[in-house]
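**Student:** This is a predicted model, with the sequence first.
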Amino acid sequence: MKFNTKAIHGGQKHDIAYGSVMPPIYQTSTYAQTTPGGHKGYEYSRTHNPTRHALENSLASIENGNFGLAFSSGLASIDAILKLLKPGDEVISTNDLYGGTYRLFTKIYEDFGIKFHFIGMENTEHIEEYINNKTKLIWVETPTNPMLNIIDIVATVKIAKKHNVLLAVDNTFATPYLQRPLDLGADIVMHSATKYLGGHSDLVMGALIVKDKELADRLYFIQNASGAICGPQDAFLALRGIKTLHLRMQRHCENGKAIAEYLVNHPKIENVYWPGFKTHPNHNTAISQMDDFGGMVSFTTKENNYQEAIKIVENLKIFTLAESLGGVESLAGHPVSMTHASIPKEEREKAGIVDSLIRLSVGIEDKEDLILDLKRAIG
């Protein structure tokens, strides 16, 4: 079954009660039993819910995994992965990553005795310098947030397997429409399903997908024991969003390319970060592991100051100044004051997240309108 078909039918079956084409929203906390322990596969909705189950089957299908897990947020799903670790363990992470992930790592799990190394992973050979017998997890975002760096998944897989270390890939920016890390050898794929998978800015959700049953069982236990599950209404919305993922991503990619090419030729713009450029440091890696380059674009102005960036994002009319990304509508953000404010300034700037950086989530509107909006705002 090819991807477009999987997005609609993967892991799904018609409702057995009335033949409903879409899985019903099972808005229930508990299920009737005929005798203690005698039930139809569901007993309590923290543990299992038919609507969530349908979504988890869909997630597994589109990522070519065997097991999917849906959580109440992207951070809840990352939290579940970190609960696989114990005090004294070490994690190697890219230094250009979502601010909420950095905050969870440093403000919560460092206090529990987990050590984190934040490094540039564009050259994967750099990773081995930090591996020792305490290293248990390599955390990768690719493309990264917000600098759109590309990390070679295959090369990182070789390092992880050589040292018997788990490799988790945050696939939020690419989605399985463009990139499938499990096929390349990663152990865990993570999504903020709030973003492209849901696609309509109307839910908050996280997801994990794995192939290995033992690893899945450990994560299912953590999901149930910790309780950070998504509700059935959000599961229904995410499942609905996935059914149009392939159509939306085509337009996101088309519009992202048009916006990146407009900005790179603008006299007031200094740097444009988009992996589709041949000048991108890891462009060839992007070609090898992605089917297209996505709808995320970041840029800095030649004036390179905080106030200029603020003026631009405040002057946008079609691009909405807002947190998040991946919805049908175009969004603009200022990472330093918004999504990455929790990262110390010195660490931000090491990764290139400077005061003038603006991140665009390019939606599926007409590209001519989006370009005109940027033209008016930038001046």
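**Tutor:** Arrived safely.
**Student:** what's next to stretch 316-330, contact-wise?
**Tutor:** For stretch 316-330, contacts defined as C-beta atoms under 8 Å, 6 or more residues apart in numbering pick out 172-173, 194-201, 248, 255, 295-296, 313-314, 331-334, 338-339, 359-365, 369-370, 373-374, 376-377. Glycine gets a C-beta too; all of them are placed from N, C-alpha and C.
**Student:** In strands, which of the residues you listed fall?
**Tutor:** Counted as lying in strands by DSSP state E, out of the contacts of stretch 316-330, are 296, 331-333, 359-361.
**Student:** Mind putting those into JSON lines with neighbour count?
**Tutor:** Formatted as JSON lines, the entries for the ones in strands among the contacts of stretch 316-330 read as follows, by neighbours: other C-beta atoms under 10 Å:
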{"residue": "M296", "neighbour count": "28"}
{"residue": "L331", "neighbour count": "20"}
{"residue": "A332", "neighbour count": "24"}
{"residue": "G333", "neighbour count": "24"}
{"residue": "R359", "neighbour count": "24"}
{"residue": "L360", "neighbour count": "27"}
{"residue": "S361", "neighbour count": "26"}
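**Student:** Closest to K107 out of the residues you listed?
**Tutor:** Comparing the ones in strands among the contacts of stretch 316-330 against K107 with C-beta to C-beta places G333 closest, at 21.3 Å.
**Student:** one step back: would you turn the ones in strands among the contacts of stretch 316-330 into JSON lines with pLDDT and distance to I114?
**Tutor:** As requested, the ones in strands among the contacts of stretch 316-330 are arranged in JSON lines below (pLDDT from 0 to 100; distance: C-beta to C-beta, whole Å):
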{"residue": "M296", "pLDDT": "98", "distance to I114": "29"}
{"residue": "L331", "pLDDT": "98", "distance to I114": "32"}
{"residue": "A332", "pLDDT": "98", "distance to I114": "34"}
{"residue": "G333", "pLDDT": "97", "distance to I114": "29"}
{"residue": "R359", "pLDDT": "98", "distance to I114": "28"}
{"residue": "L360", "pLDDT": "98", "distance to I114": "33"}
{"residue": "S361", "pLDDT": "98", "distance to I114": "31"}
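**Student:** Spatially, which two of the residues you listed are the most separated?
**Tutor:** So for the ones in strands among the contacts of stretch 316-330, where distance means C-beta to C-beta, the most widely separated pair is M296 and A332, at 11.5 Å.
**Student:** rewinding a little: from the contacts of stretch 316-330, list the buried ones, please.
**Tutor:** 172-173, 194-199, 201, 248, 255, 295-296, 313, 331-334, 338-339, 359-365, 370, 373-374, 377 (16 or more other C-beta atoms under 10 Å).
**Student:** Read off the pLDDT value for G100.
**Tutor:** The predicted local distance difference test score for G100 is 95.
**Student:** brain fart, E261
**Tutor:** On the pLDDT scale, E261 is placed at 98.
**Student:** Following the chain past the strand or helix carrying it, name the next helix or strand.
**Tutor:** Of the helices and strands defined by DSSP states H and E, E261 is found in helix 245-264. The C-terminal neighbour of helix 245-264 among helices and strands, as given by DSSP H and E, is strand 269-273.
**Student:** Quick check: the gap between R376 and L325.
**Tutor:** Separation of R376 from L325 (C-beta to C-beta, to the nearest Å): 22 Å.
**Student:** any idea how far I378 is from the residue nearest the centre of the chain?
**Tutor:** Taking C-alpha atoms, centre = their mean as the criterion, T172 is the residue nearest the geometric centre of the chain, at 1.9 Å. Between T172 and I378 the distance is 27 Å, computed by C-beta to C-beta.
**Student:** Same check on I353?
**Tutor:** Computed as C-beta to C-beta, the I353 to I378 distance reads 20 Å.
**Student:** returning to that earlier point: including distance to Y306, could the ones in strands among the contacts of stretch 316-330 go into CSV?
**Tutor:** Formatted as CSV, the entries for these read as follows, by distance: C-beta to C-beta, whole Å:
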residue, distance to Y306
M296, 22
L331, 20
A332, 15
G333, 14
R359, 15
L360, 18
S361, 21
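**Student:** From the residues you listed, pick the one nearest M1.
**Tutor:** Checking these against M1 by C-beta to C-beta gives M296 as the nearest, at 28.0 Å.
**Student:** rewinding a little: leaving aside the residues adjacent along the chain, what's closest to the residue nearest to the centre of the chain?
**Tutor:** Across the structure, with C-beta to C-beta, 6 or more residues apart in numbering as the measure, the residue nearest T172 apart from its sequence neighbours is S192 (4.7 Å).
**Student:** The one you found: neighbour count?
**Tutor:** A total of 29 residues lie near S192 under the criterion other C-beta atoms under 10 Å.
**Student:** Phi, psi for it please.
**Tutor:** phi -80, psi 100 (degrees, to the nearest 10).
**Student:** And H117, by the same measure?
**Tutor:** phi -110, psi 120.
**Student:** Check F118 too.
**Tutor:** Backbone torsions for F118, taken as degrees, to the nearest 10, come to phi -100, psi 110.
**Student:** Just give the number of residues close to it.
**Tutor:** Under the neighbour criterion other C-beta under 10 Å, F118 is assigned a count of 21.
**Student:** So it versus E141, what's the distance?
**Tutor:** In terms of C-beta to C-beta, F118 sits 12 Å off from E141.
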